[in-house]
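Student: starting from these lines, generate the structure:
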Amino acid sequence: MDYLAFFIVAVLQSYQREHVDSTVKLASAMTLECVFPKAANIVQMFWRKEERKENIAVFKLPDQLHISSRYKDRVSVTNDTSNIKSLVFNSTTGEDTGFYLCSFHTFPLGIWKKRIQVVQSGNFEPRNLSYRHMIAEPGANVNFTYGPDPETTLYQVKWKRIYTDHVDFIVQCDKSGTAVYASDSGMYSCSYIGTNVMEGINFLPQHLLTYIAIFLERKSPPLSSTPIPSNILFSTVVRVPDLKENFQASLTENA
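Tutor: Numbering: from 1, shown residues only. A predicted model of the protein is given here:
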């Protein structure tokens, strides 16, 4: 047995089981976004490639930035503010796929992390889905709601934010009442009605883009109380258009 190969596979599988906040498609030039969303004193931050367990960049206040010699000629770190430290690749290779970790060390909140996966290819634009178009007054809260048909038991809903080159995980809501949030999704929340899940995402509509609900369900079988999830299905997409004027909140559905 090739124990080295076995070990590498085991390590990769353990990484893949961990939570991923964002999935990005590899491009000749790409940006891995990392914005610390809270108010705290930032002591330092790191960018790390997880498979190699190596630091790509280390930033310490006030303006000390060290980039590893392996990456120095082709990456930079944004330096607009102390809480925005995105990793910018001006050139990439196939070896740049994998898992990246951005971490801020802060006081008094401790360590905050965002985990990003870079993939070789992928089409993130959903197809053959029903769309709900929402118009909201800027600054208001908006609820995205999915309710299954009466014969369906809904066990889990995942909400994601869709871009052309990447997908951001927002929140996962389970029937049990628990929720798993992305590292930077503090503006979102789950709500529940009866035995079904109503996914309510309360947010400020400057985040105007496409959202997708991915839900795990099954038709209610007779004489069975054990959750048996079916295939993951792509359902409602809510698209919030970019608004330049204020409108009253409204909702229209297209077939």
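Student: now do the helix or strand in which V171 is found, average pLDDT.
Tutor: In the assignment (DSSP states H and E), V171 maps to strand 166-174. Averaging the model's pLDDT scores along strand 166-174 yields 80.
Student: strands paired with the helix or strand that it is followed by, and their directions?
Tutor: Using DSSP H and E, the helix or strand that follows strand 166-174 in sequence is strand 179-181. Partners of strand 179-181 in the sheet, by DSSP bridges, are strand 166-174 (antiparallel).
Student: hey, C-alpha coordinates of the strand it pairs with in PDB?
Tutor: Extracted in PDB, the C-alpha atoms of strand 166-174 (Å, rounded to 0.1, in the frame of the first residue of the first chain):
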ATOM      1  CA  HIS A 166     -17.700  32.500  -7.400                       C
ATOM      2  CA  VAL A 167     -20.400  31.300  -5.000                       C
ATOM      3  CA  ASP A 168     -20.600  32.500  -1.400                       C
ATOM      4  CA  PHE A 169     -22.300  30.300   1.200                       C
ATOM      5  CA  ILE A 170     -24.600  32.300   3.400                       C
ATOM      6  CA  VAL A 171     -26.500  30.100   5.900                       C
ATOM      7  CA  GLN A 172     -27.700  26.600   6.400                       C
ATOM      8  CA  CYS A 173     -31.000  26.100   8.300                       C
ATOM      9  CA  ASP A 174     -32.100  22.800   9.700                       C
END
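Student: what's the burial count for F59?
Tutor: Neighbourhood size, F59 [other Cβ atoms under 10 Å]: 20. Backbone N, C-alpha and C define where each C-beta goes, glycine included.
Student: any idea of the pLDDT on it?
Tutor: Per-residue pLDDT puts F59 at 92.
Student: partner residues bridging it?
Tutor: Beta-bridge partners, per DSSP bridges, of F59: M45, L65.
Student: wait, it sits on Q44?
Tutor: Yes. Applying Cβ atoms under 8 Å as the test, F59 and Q44 come out as touching, 6.1 Å apart.
Student: and N79, what element?
Tutor: Per DSSP H and E, there is no helix or strand for N79.
Student: that one: how many residues sit nearby?
Tutor: Neighbour count for N79, taken as other Cβ under 10 Å: 12.
Student: and the gap between it and V171?
Tutor: 30 Å (Cβ to Cβ, to the nearest Å).
Student: what does A29 show for phi and psi?
Tutor: When read as degrees, to the nearest 10, the backbone of A29 gives phi -130, psi 130.
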